[in-house]
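Q: Here you go, sequence then predicted model.
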Amino acid sequence: MSREPLSTGSEWTFDLIDEYDRELARIADGYRLDTYPNQIEVISSEQMLDAYASTGMPLMYNHWSFGKHFLSNQQNYQRGRMGLAYEIVINSNPCIAYLMEENTMTMQALVLAHACYGHNSFFKGNYLFRAWTDADSIIDYLLFAKSYISQCEEKYGIEAVEDILDACHSLMNQGVNRYNRPRPVSAEEEKERQDERAEYIQRTLNDIWSTIPKQESTEEKVSEERFPKDPEENLLYFFEKNAPLLETWQRELIRIVRKVAQYFYPQRQTQVMNEGWASFWHYTLLNTMYDEGLVTDGFMMEFLHSHANVIYQPPFDSPYYSGINPYTLGFNMFCDIKRICENPTEEDKRWFPDIAGSDWLDTLHFAMKNFKDESFILQYLSPKVMRELRLFSINDDEARSYLEVEAIHDDSGYREVRESLAAQYNIGNRDPNIQIYNVNVRGDRTLTLRHYMHQGRPLDDSCEEILRHVHRLWRFDVVMESVDEEGNVKKTRRCPPADGKESR
Amino acid sequence: MSIIIDRRLNGKNKSTVNRQRFLQRYRKHIKKAVSEAVNGRSITDVESGSQVTIPSKDLNEPTFRHGQGGKFTHVHPGNKDFIKGDRIKRPPSGGGKGGSGSGQASNSGDGMDEFTFQINHDEFLEYMFDDLELPNLVRKQMMDAQEFNMRQAGYTTDGSPDRLNIVRSLRSAHARRIALSGKDRREIRQLKRELREMEVSPDETDESRAEELRDKIRELNGKLKRLPFIDEFDLKYNNYVKVPSPSNKAVMFCVMDVSGSMTQEIKDMAKRFFILLYLFLQRNYKEIEVVFIRHHTAAKEVDEDDFFYSRETGGTIVSSALELTHETISSRYSPKDWNIYVAQASDGDNWEGDSSVCSKILCNKLMPLVQYFSYVEITDRQHQNLWREYESVQDQHPESFAMQQIKSANDIYPVFRELFLKKTAKAN
């Protein structure tokens, strides 16, 4: 059913965007892509720079670090060292997508397909986003956070607020609940509960820090018990609830940073899937448009050119190499799943007996909804993709003077490479595992953090600086112990540093 | 179901606050960069902003990260000829991922060592003035390079009451009254004449007719009285337009002692003084030329680089420079065409017998030609005879001679305060 192309030139107009969007929506619907309503905003490059600086969010509280990012992006952009992303898309309801005015019509269509139908459906469908973020209320919440923080700045001074925010930002990656689903955030609720919470915190704090001995016998028992009873992985949560000397507003600031960190947490875990999914769909949707005769050959040439750039993977020895390109990996994997469903080879039938020959759209939707990067790779990375990307794994062991190639893309190596790659996307392996281990409740209130070393990997030196931040929140001595897998303390750092106790 | 919004007209400066926070936080670094930039650039080049570089270790935002060491496995793409069990030499640490990659990609970016950004002209001056402890009002005056004068340009029919032009308004009221009442007055005159004729005529007067005429005259006079003396319509206001002020030319002589006793530090201080004077002139004059004259025992006109950065040794004869200044003025800068400013910086040393010669040259030759002569003595020692001689010059020319001892950069300003005071006073 061939129709007239929607446009022939490269100039875009609002009417054209509307028309393309309508066609894309129709086609996306045919592929059962379920999306939030789209709010498409056309912005200039300066506004794009602004958006970059505040982590892409349309509104954000003020902080010097955002200014720093803005300056460095601006400098790089003006020098031509950096191109701007064609789009930014925000996981909210309605889903906000920014289009740059400099884009050609082809690029706008590509961005529409990629962001408004690809990312958008991922945000709505993937289990992590469903469980951990609230697309309905995030903008509200940021509005609340912004006005609350600026009130604090008026009341207590910018510097006092920045001290807390700096400390919280450095602990942001340790400020998420990995296993418990947090309470949903909503601006109105937040306001209502603020007072309630303040009172509650003060009350429970007094319980913890009560210095009146209850009974001799119980006290002895208590002193052997650790506080917290089980190590706490969410440092920010712990400080918000338990730091002895913080004011209520300071606890509220910690809470805000914690909520923001939690909001971004799923994005860090689904980069490959998210980008792969969006790339797969912009490719599929635009090709469908082409098949229907809605776009011209010229349009397709320009689109394929950009598409090829986006999913280009430089090899490891290229000067442009900076790790595995999530777009490439994700796109190839989704395409490959489709291929396995439609035209399985003998190898595929051996490796993926349950999906070979099944309905590709069902399988794809299932994969998008129920996995994160780590499990997605473990489940779906096929030998064919490994061969195409020529993946190999390198083992780096401190104890040896050389690196060793552990496995390559051959029969004996597929599983190993796949496991290593999956582990690489496990946030638990990427971020050091740091937990609150103990507080000396009856004594000098020293806080002990434990770094549970993963495969003997030590902490970076910036750790000392972070301890100073922790000290700023806790206000009493802070000790950081790095513990190896057998439970032996390998290295101890403290803040403020105590002479002669530096390390064992 | 999609909404398309054009946001391009929304403000694009959402990051301004954050940017300022950042600048505020790194004020110390920026001030240092600015003061280095001042030393490094020409004193006439104060228009542009500056690039500021901060070591990135000072502004990183730390997060817990894995350091080097331990055991880990990393997957890379693009294998060419590796097979399982190959051993590769470990690339030097910190060198990144040259060969097979230690995979220690820093997540903070591309391992920048320095963080560089631009500050603009206003910010540059702001930081420079901060160093000199200039009061804010003066800062503003200096930073507004374009100054405007209000000049009268005719009259308008509306404006604010303070601009009311009384003469014009009354004149126009008068004209209006004449215009509006002409017909009635002509009629009155006519009637009066008729009445008079009637009174003087030998014939019997027609009383009733006379009475009628008198009534008519009274009525017309009443009508005239009801004409408003002044109407809103008559009001005239002075009209002013903004014109850039003044557009004449100035020349600035920088005179500096470069004898052995002048250290680089003193010269840097002098440089700031010259920059300030330059900025001040720039605000007042459209075209400025700068002449650099340096001297030890003999004076010489040089370019800026030589002026600040070449070292000479030997004694000091200040009069040689003043003499050369005078010569240059008479040969190239006629006081009729040029506003002449002289700024002299020295550490106060002069050859014993020369100081009286200096004051003589100043009083007799230079002071009549120049707008302003400012002298700064950058020293913390006792004053010597040059200072005392100059003091007597100041007594004779309190209007256009300023001198100041400078011990640190923030002493420079008072000289300018005087300069500004005088300028404003003269303008009124």
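A: That came in fine, so what should we check first? These figures come from a predicted structure and were not determined experimentally.
Q: And residue A:66, how far from chain B?
A: Plainly put, residue A:66 is 4 Å away from chain B if you go by Cβ to the nearest Cβ, to the nearest Å. In short, each C-beta sits where N, CA and C put it, glycine included.
Q: residues near that residue, how many?
A: 23 (other Cβ atoms under 10 Å in any protein chain shown).
Q: In which helix or strand does it reside?
A: helix A:64-78 (DSSP states H and E).
Q: Which residues does the next helix or strand after that helix contact?
A: Using DSSP H and E, the helix or strand that follows helix A:64-78 towards the C-terminus is strand A:87-90. Outside strand A:87-90, the residues that touch it by Cβ atoms under 8 Å, 6 or more residues apart in numbering or on different chains are A:48, A:51-52, A:56-58, A:95-100, A:111, A:114-116, A:119-120, A:138.
Q: before we move on, back to that, so which bits of the helix holding residue A:66 are buried?
A: A:64-77 (16 or more other Cβ atoms under 10 Å in any protein chain shown).
Q: Now the closest residue to residue B:407 other than its chain neighbours: which helix or strand?
A: Nearest non-adjacent residue to residue B:407, counting by Cβ to Cβ, 6 or more residues apart in numbering or on different chains: residue B:380, 5.0 Å away. Under DSSP H and E, no helix or strand contains residue B:380.
Q: same check, this time on residue B:18
A: Here residue B:18 sits within helix B:16-25, counting by DSSP H and E.
Q: Beyond the helix or strand harbouring residue A:253, next helix or strand please.
A: Per DSSP H and E: residue A:253 is located in helix A:248-269. Next in sequence after helix A:248-269, counting helices and strands by DSSP H and E, comes helix A:271-291.
Q: I'd like the average pLDDT over that following helix.
A: Per-region confidence: helix A:271-291 scores 94 on mean pLDDT.
Q: Contacts for whatever helix or strand comes next after it next, please.
A: Moving toward the C-terminus from helix A:271-291, the next helix or strand (DSSP H and E) is helix A:297-310. Here helix A:297-310 makes contact (Cβ under 8 Å, 6+ apart) with A:5, A:7-8, A:10, A:104-107, A:109-110, A:279, A:282-283, A:286, A:290, A:295, A:327.
Q: got a list of what residue 58 touches?
A: Picked chain A for this. Neighbours of residue A:58 in contact, by Cβ under 8 Å, 6+ apart: A:51, A:90, A:96, A:139, A:142.
Q: Switch to chain B, please.
A: Taking Cβ under 8 Å, 6+ apart, one finds B:26, B:29 in contact with residue B:58.
Q: For the stretch 201-350 of chain B, just list every one of the helices.
A: Under the criterion DSSP state H, counting those that start in this stretch, the stretch 201-350 of chain B contains helices at B:207-226, B:264-284, B:304-309, B:318-332.
Q: Can you check the pLDDT for the residue of the stretch 401-504 of chain A found nearest chain B?
A: Per Cβ to the nearest Cβ, residue A:457 is where the stretch 401-504 of chain A lies closest to chain B, at 3.2 Å. According to the prediction, residue A:457 has pLDDT 87.
Q: how many other residues sit next to residue 396?
A: I'll assume chain A. There are 25 residues near residue A:396, going by other Cβ under 10 Å.
Q: Chain B, not that one
A: With other Cβ under 10 Å as criterion, residue B:396 counts 12.
Q: of all of the stretch 1-150 of chain A, which residue lies closest to chain B?
A: For the stretch 1-150 of chain A, Cβ to the nearest Cβ, closest residue to chain B: residue A:67, 3.2 Å.
Q: ok, that residue touching residue B:18?
A: Yes: counting by Cβ atoms under 8 Å, residue A:67 does reach residue B:18; the two are 3.5 Å apart.
Q: any common contacting residues for the two?
A: residue A:53.
Q: ok, now which ones touch residue 20?
A: You didn't say which chain, so I picked chain A. A:6, A:105, A:108, A:109, A:112.
Q: wrong chain, I was asking about chain B
A: Here residue B:20 is in contact with residue A:67 (Cβ under 8 Å, 6+ apart).
Q: May I have the predicted confidence score for it?
A: With respect to pLDDT, residue B:20 has a value of 86.
Q: What residues are bridge-paired with residue 88?
A: In the absence of a named chain, this looks at chain A. residue A:98 (DSSP bridges).
Q: I was thinking of chain B, sorry if that wasn't clear
A: The partner residues for residue B:88, given DSSP bridges, come to residue A:403.
Q: That one contacts residue A:402, doesn't it?
A: Yes: using Cβ under 8 Å, residue B:88 is in contact with residue A:402, at 6.2 Å.
Q: Give the closest residue to residue A:117 in space, chain neighbours not counted.
A: Closest to residue A:117 by Cβ to Cβ, 6+ apart is residue A:28, at 4.4 Å.
Q: How much space separates that neighbour from residue A:116?
A: According to Cβ to Cβ, to the nearest Å, residue A:28 stands 9 Å off from residue A:116.
Q: Looking at those two, which one has more neighbours?
A: residue A:116 (30 against 22).
Q: Residue A:52 belongs to a helix?
A: Yes: assessed by DSSP: H, G, I helix; E, B strand; the rest coil, residue A:52 belongs to a helix.
Q: Find me the pLDDT at the residue of chain B found nearest chain A, would you?
A: Residue nearest to chain A within chain B: residue B:78 (2.4 Å; Cβ to the nearest Cβ). We have a pLDDT of 90 for residue B:78.
Q: And the one 3 residues further on, by the same measure?
A: Reported pLDDT at residue B:81 in the predicted model: 87.
Q: And residue A:502, by the same measure?
A: In this model, residue A:502 carries a pLDDT of 42.
Q: can you give me the strands in the stretch 51-200 of chain B?
A: B:71-76, B:87-89, B:114-119, B:148-156 (DSSP state E, counting those that start in this stretch).
Q: Please apply the same query to chain A.
A: Under the criterion DSSP state E, strands of chain A are mapped to A:38-43, A:87-90, A:95-100, A:392-397, A:402-408, A:433-439, A:447-452, A:478-483, A:489-495.
Q: As TSV, the ones you listed with mean pLDDT would be great.
A: Listed next are the strands of chain A as TSV, based on pLDDT from 0 to 100:
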stretch	mean pLDDT
strand A:38-43	91
strand A:87-90	84
strand A:95-100	89
strand A:392-397	90
strand A:402-408	91
strand A:433-439	90
strand A:447-452	91
strand A:478-483	91
strand A:489-495	88
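Q: Now distance to residue B:347 too, for those, in a markdown table please.
A: Below are the strands of chain A laid out as a markdown table (distance: least, Cβ to Cβ, whole Å):
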| stretch | distance to residue B:347 |
| --- | --- |
| strand A:38-43 | 58 |
| strand A:87-90 | 60 |
| strand A:95-100 | 59 |
| strand A:392-397 | 63 |
| strand A:402-408 | 65 |
| strand A:433-439 | 60 |
| strand A:447-452 | 59 |
| strand A:478-483 | 54 |
| strand A:489-495 | 50 |
